[in-house]
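> Any chance you could fold what I've pasted below:
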Amino acid sequence: QPKAVAAAAAARRMNPDAHIVTYETAVGASTEDVFTDDFWASLDGVCNALDNVQARLYMDGQCIFYNKSLLESGTLGTKGNSQVIVPGLTESYGSSRDPPEKSIPTCTLHHFPNQIQHCLQWARDVFEGYFKNVATEVNAYLTNAEYAAQLRKQPGRGKIDALRTVRAALGDERPRSFDDCVAWARHRLQDLFHNAIAQLLHNFPLDMVTSSGAKFWSGPKRAPHVLRFDPADALCREFVVSAALLRARNYGIAVSAAAARDVDAIMRTAAAVDVPPFVPKQGLKIKTDENDEGGGGGGGG
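Here you go, the predicted model:
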């Protein structure tokens, strides 16, 4: 659903008397025949909710040209920052730049998140890994006649990993029905929220102490707990249903609207999936910071 339509619907729920006109058109130099001088003259002010700097700078320039106040929202990532721009009183959005976002260490994202943006970035990475990157690799294999030649030029294990991805996606792990997609989603729930956490706690037990005698799970390192599958749990239900539907969409498996809405039936299918018990990997090294060669080989504190 276009963002403009969704935002208008949300605003109308807050105030049913609001008069809202939506445009499903990008703002920019190419659409100035839509957003004309008359359009800008009709505005008392502008509130931005854009997702890229180029569009923000364009809107900022238009507000300067037409002498309109601007409320710029959504800058500085998850910090919730906003900027009020008043013609003749404040600097414009384009007068300064947001400081570059610091990259999040991989070990923090995967094992030791302590801020909401860590969880958001992790979720985005997982989503792209499952639903974008695999499909992109498979489509390249199926449609690019030069795929094999280009793959040979990749260094290291890249070519092997790519071929394993393609083989799994088109072979062993290819779903044939929506039930297969539900089973896949159930296994991913187990992998991400039970097995990965159980392995982490195997490597770094809750009572573990560092060489200096401090508790390992302290400060920014927050001790996690495993999530056990519960068909009645709201988050489990949302994850399994959403992941299964996305998997089905990836593979072009038709799912009727009635089947997609029958969450109880989906969860019954998920509950019937045979999930192997977790067995910790012995000797697996997990980095505790970017300079660590890999610690926590398992064992006590």
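> This structure: strands as residue ranges?
45-48, 69-75, 81-85 (DSSP state E).
> Of those, which shows the lowest average pLDDT?
Of all the strands of the chain, mean pLDDT reaches its minimum on strand 69-75 (a mean of 83).
> still on that earlier bit, and the strands of the chain, which is most packed in?
Ranked by mean neighbour count under mean count of other Cβ atoms under 10 Å, the strands of the chain are led by strand 69-75, which reaches a mean of 17. All C-beta atoms are positioned from the backbone trio N, CA, C, and that covers glycine.
> What pairs with that strand, parallel or antiparallel?
strand 45-48 (parallel), strand 81-85 (antiparallel) (DSSP bridges).
> Run the chain-centre distance for the shortest one.
The chain centroid and the centroid of strand 45-48 are separated by 27 Å, computed with Cα atoms, centre = their mean, to the nearest Å.
> which residues sit against that strand?
Defining contact as Cβ atoms under 8 Å, 6 or more residues apart in numbering, one finds that strand 45-48 is touched by R56, M59, C63, K68, S69, L70, L71, E72, S73, G74.
> Just give me the neighbour total for D262.
Neighbour count of D262, defined by other Cβ atoms under 10 Å: 14.
> same thing with D289?
D289, neighbours per other Cβ under 10 Å, totals 10.
> low-confidence ranges in the stretch 101-250 of the chain?
The stretch 101-250 of the chain contains residues with pLDDT under 70 at 101.
> circling back: can you redo the contacts of strand 45-48 as JSON lines, where the extra columns are distance to A254?
Listed next are the contacts of strand 45-48 as JSON lines, based on distance: Cβ to Cβ, whole Å:
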{"residue": "R56", "distance to A254": "40"}
{"residue": "M59", "distance to A254": "41"}
{"residue": "C63", "distance to A254": "46"}
{"residue": "K68", "distance to A254": "48"}
{"residue": "S69", "distance to A254": "49"}
{"residue": "L70", "distance to A254": "45"}
{"residue": "L71", "distance to A254": "44"}
{"residue": "E72", "distance to A254": "43"}
{"residue": "S73", "distance to A254": "39"}
{"residue": "G74", "distance to A254": "36"}
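> what's the span of stretch 184-200 from first residue to last?
23 Å (Cα to Cα, to the nearest Å).
> Would you mind listing the buried residues in it?
184-190, 192-200 (16 or more other Cβ atoms under 10 Å).
> what's in contact with that stretch?
Contacts of stretch 184-200 (Cβ under 8 Å, 6+ apart): 111, 126, 130, 173, 175, 224-229, 236, 239-241, 243-244, 247, 270, 273, 275, 278, 280-281, 284, 286.
> go with 6 Å
111, 224, 226-227, 239-240, 243-244, 247, 270, 273, 275, 278, 280 (Cβ atoms under 6 Å, 6 or more residues apart in numbering).
> what's the answer for stretch 3-17, then?
In contact with stretch 3-17 (Cβ under 6 Å, 6+ apart) are residues A18, I20, T22, E24.
> Rebuild those residues as a markdown table, extending it with pLDDT, neighbour count and distance to C107.
Shown next, in a markdown table, are the contacts of stretch 3-17 (pLDDT from 0 to 100; neighbours: other Cβ atoms under 10 Å; distance: Cβ to Cβ, whole Å):
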| residue | pLDDT | neighbour count | distance to C107 |
| --- | --- | --- | --- |
| A18 | 92 | 10 | 47 |
| I20 | 92 | 12 | 45 |
| T22 | 91 | 13 | 43 |
| E24 | 87 | 8 | 42 |
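> Looking at the residues you listed, which is nearest R164?
E24 (40.7 Å; Cβ to Cβ).
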